[in-house]
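Visitor: What would the 3D arrangement of this be:
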Amino acid sequence: MAALTVQTLTLGGVELTGNSAAAGGDTFLNDGRTYFLMDNGDASPHTPTFDATQTVTSASLAVADLAVATAATKKKIYGPFPLATFGTTVSVSYDAVTSVVVDVFKLES
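Guide: Here you go, the predicted structure:
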């Protein structure tokens, strides 16, 4: 599992670094204004799954993880990730990592 560096998006833009998705999953710091970009260069769709850490205390029910596919040869931005649901460190796993590049960025405060 790799810790991804969160880059800051400013008025002048941000040059994303492009990280290969790790077969064992990745983590990134979250401040509630954090976004995740998946660039799927593969001929098949791939699905990242973001682990929700929130539990509804009164009923002891876990909030469902977020799992939404990125179509083949497309890019998709996920987020922002509410702190109450995903916490300050988000874990993401992938159904496959072939030709998948990811980046994490946040909005300038």
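Visitor: what sits against the most centrally placed residue in the chain?
Guide: Nearest to the geometric centre of the chain sits Phe36, at 4.0 Å (Cα atoms, centre = their mean). Remark: with contacts taken as Cβ atoms under 8 Å, 6 or more residues apart in numbering, Phe36 is in contact with Phe28, Pro48, Phe50, Ile77, Tyr78, Gly79, Phe81, Val90, Val92, Val102, Asp103, Val104. Any C-beta I mention is one placed from the backbone N, CA and C, and that applies to glycine too.
Visitor: burial count for the second one?
Guide: By the measure other Cβ atoms under 10 Å, the count of residues near Pro48 is 24.
Visitor: which ones are touching the nearest residue in space to Gly18 that is not next to it in sequence?
Guide: With Cβ to Cβ, 6 or more residues apart in numbering as the criterion, Gly18 has its nearest non-adjacent residue at 4.8 Å, and that residue is Val101. Contact partners of Val101, counting by Cβ under 8 Å, 6+ apart, are Gly18, Asn19, Ser20, Ala21, Met38, Asp39, Gly41.
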